[in-house]
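S.K.: give the three-dimensional model of this entry:
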Amino acid sequence: MNARVALSVSLVGGLLATTYLLRPIRVVRVPGVCSSFYWTVRSWLWNYPVTEDYAIWDTGDPNDRQVFESDRIRLLRIWRFLQPFFVSRGYHPYVLKDPTDLFSDIVPSIPASTEKTTYPFAQCFYRTDADAETYFYVGLSSTVATAYKNTSGQSPFVWPARDTLGRDVILKAISGPQPSKELRAFRLLQSDALRDDPRNHTIPVLDYINFNGQVFVVMPRWNGATAADFAKVGELVRYGRAFMEAVAFLHEHNISHGDMLLQNIMTDALIPEVKKTTDPLFAGVRGPKRRYALIDFETAIVDYSPELLAGFKKDVRDLASALEFNLRCIQDVIPDIGPLFDSMKEFDSPAQPSAATALSRYEEICAHSLRKTWSSMYEGFWLKGNNISAAPSVYVSDTA
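M.R.: Below is the predicted model:
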């Protein structure tokens, strides 16, 4: 009997030693000894999909179908692996609608809150949970995107979730062990000195979560600022002012955003996604209390340097390019708004205004317009010097 036990122990020991040599055990660092043990074992069984290297979120050539599919499988596996970890922290990630379909939409895993949400969470205009569905985006090119899904969806390091109360949030991997530009920018903007400043129009941070050196930020899920239609001139004026003020605030505190695109401009509302460009947008959701915010500080500059000053000029130029898409259409009501945008886009000119000067001019221009015209109805958008008509809007009630 003792010989059998000794042989069994020897075999098990040899098996463990061989297994260790083939796949060494790496301790996974998460809060709590028991939790660390569990995630070390789980990581070993899954062959360590999440390492400390932030490069795990990188993707290859999006025009190469094989590379694209390989990246998608790998990144979906990372998020699926992490799902129970986020659940343990009070956040329930969305799941694939069809687990057998690599290109399935992702859908909520728990019901939405039945209570009215308040700031910092978005006001929800979803009619059913089907409106919350989205698509996981892995840096695919327009050619590949057309072949698979005609929607922009989420970036590889971003995943939607709901908290335990059913409120929509976003999980985003923003840094490895060495603090990234985005993490440094968030920490500064969410500091006690800046967080509650009314000029700080940046997305609020709900939580930071650390998994084995990977830092995730939890933010309320908001929609793109142009996901809903503008109904009146006054709504556009408030929208433009918010982002003029946001950039001036960043520059005052020596932060350059670095990626001032329309897709990084958000509003605190969740609007059903428009599936086709001919579908009507929702309108009537931009009451005076509607909030706006900037997201995505991946390319931010937070140190005073020549690069920061160049970043300021780029921010001003890109802000004008983003805002004019909608605001140029009200030149008949506020004529000087066009020349202001033109001056902001003069990147190489010493006459380009600073963000603070552009904000001051914008406020002066709008103040001199007739206030009664702010209630005028607004239609369409501006593109390459022309006003373009848009599909008729669907109006909904807004209490914001």
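S.K.: contact partners for the residue lying closest to A358 once chain neighbours are set aside?
M.R.: In this structure, A358 finds its nearest non-sequential neighbour in M344, 5.5 Å apart by C-beta to C-beta, 6 or more residues apart in numbering. Just so you know, the C-beta spots here come from the backbone N, C-alpha and C atoms, and that holds for glycine as well. For M344, the contact set (C-beta atoms under 8 Å, 6 or more residues apart in numbering) comprises 316-317, 319-320, 352-353, 358.
S.K.: quick one: which helix or strand includes Q83?
M.R.: Element membership of Q83, judged by DSSP states H and E, is helix 65-88.
S.K.: and the following helix or strand past that helix, what's buried?
M.R.: Per DSSP H and E, the first helix or strand lying C-terminal to helix 65-88 is strand 91-93. Applying a neighbour-count criterion of 16 or more other C-beta atoms under 10 Å, one finds 91-93 buried in strand 91-93.
S.K.: other SSEs contacting strand 91-93?
M.R.: helix 65-88, strand 158-163, strand 168-175 (3 or more C-beta pairs under 8 Å, 6 or more residues apart in numbering; DSSP states H and E).
S.K.: by contact count, what packs against whichever helix or strand comes after the last one?
M.R.: I take that to be strand 168-175. Sequence order places helix 181-189 as the next helix or strand after strand 168-175, per DSSP H and E. Helix 181-189 makes packing contacts with strand 168-175, strand 214-220 when contacts are defined by 3+ C-beta pairs under 8 Å, 6+ apart.
S.K.: just the buried positions in the helix or strand just after helix 181-189, please.
M.R.: Downstream of helix 181-189, the first helix or strand assigned by DSSP H and E is strand 207-211. Of the residues in strand 207-211, 209, 211 count as buried by neighbour count, 16+ other C-beta under 10 Å.
S.K.: stretch 316-334 now?
M.R.: Residues of stretch 316-334 classed as buried by neighbour count (16+ other C-beta under 10 Å): 316-320, 322-324, 326-331, 333-334.
S.K.: how about it as CSV, C-alpha atoms only?
M.R.: Only the C-alpha atoms of stretch 316-334 are listed here, as CSV (Å, rounded to 0.1, in the frame of the first residue of the first chain):
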residue,chain,number,x,y,z
VAL,A,316,-8.2,74.4,-31.3
ARG,A,317,-8.1,73.4,-35.0
ASP,A,318,-9.7,70.0,-34.5
LEU,A,319,-12.4,71.4,-32.2
ALA,A,320,-13.5,73.8,-35.0
SER,A,321,-13.6,71.0,-37.5
ALA,A,322,-15.7,68.9,-35.1
LEU,A,323,-18.2,71.6,-34.1
GLU,A,324,-18.7,73.2,-37.5
PHE,A,325,-20.3,70.0,-38.8
ASN,A,326,-23.5,71.2,-37.0
LEU,A,327,-22.9,74.8,-36.1
ARG,A,328,-22.2,76.2,-39.5
CYS,A,329,-25.8,75.6,-40.4
ILE,A,330,-26.8,78.5,-38.1
GLN,A,331,-24.7,81.1,-39.9
ASP,A,332,-27.9,82.8,-41.2
VAL,A,333,-28.8,83.4,-37.5
ILE,A,334,-25.3,83.9,-36.1
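S.K.: span of stretch 345-365 from start to end?
M.R.: 18 Å (C-alpha to C-alpha, to the nearest Å).
S.K.: now that stretch: buried residues?
M.R.: Buried positions in stretch 345-365, judged by neighbour count with 16+ other C-beta under 10 Å: 345, 352-356, 358-359, 361-362, 365.
S.K.: so which residues make contact with that stretch?
M.R.: Stretch 345-365 is contacted by residues 240-241, 244-245, 247-248, 250-252, 312-317, 319-321, 334, 336-337, 340, 343-344 when judged by C-beta under 8 Å, 6+ apart.
S.K.: how distant is it from the center of its chain?
M.R.: Taking C-alpha atoms, centre = their mean, to the nearest Å, the mean C-alpha location of stretch 345-365 is offset from the chain mean by 27 Å.
S.K.: for Q352, see how far away A242 is.
M.R.: From A242 across to Q352, the span is 21 Å (C-beta to C-beta, to the nearest Å).
S.K.: oh sorry, the question was meant for S360
M.R.: Computed as C-beta to C-beta, the S360 to Q352 distance reads 14 Å.
S.K.: and for S191?
M.R.: Where Q352 is concerned, S191 sits at a distance of 30 Å (C-beta to C-beta).
S.K.: S369 is in contact with I334, isn't it?
M.R.: Yes. Between S369 and I334 a contact is recorded at 4.6 Å, counting by C-beta atoms under 8 Å.
S.K.: tell me the spacing between W79 and R195.
M.R.: Using C-beta to C-beta, one gets 29 Å for the distance from W79 to R195.
S.K.: just send the contacts of M344 back as JSON lines, with distance to P177 and pLDDT too.
M.R.: Listed next are the contacts of M344 as JSON lines, based on distance: C-beta to C-beta, whole Å; pLDDT from 0 to 100:
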{"residue": "V316", "distance to P177": "34", "pLDDT": "98"}
{"residue": "R317", "distance to P177": "34", "pLDDT": "97"}
{"residue": "L319", "distance to P177": "33", "pLDDT": "97"}
{"residue": "A320", "distance to P177": "38", "pLDDT": "97"}
{"residue": "Q352", "distance to P177": "39", "pLDDT": "97"}
{"residue": "P353", "distance to P177": "40", "pLDDT": "97"}
{"residue": "A358", "distance to P177": "38", "pLDDT": "98"}
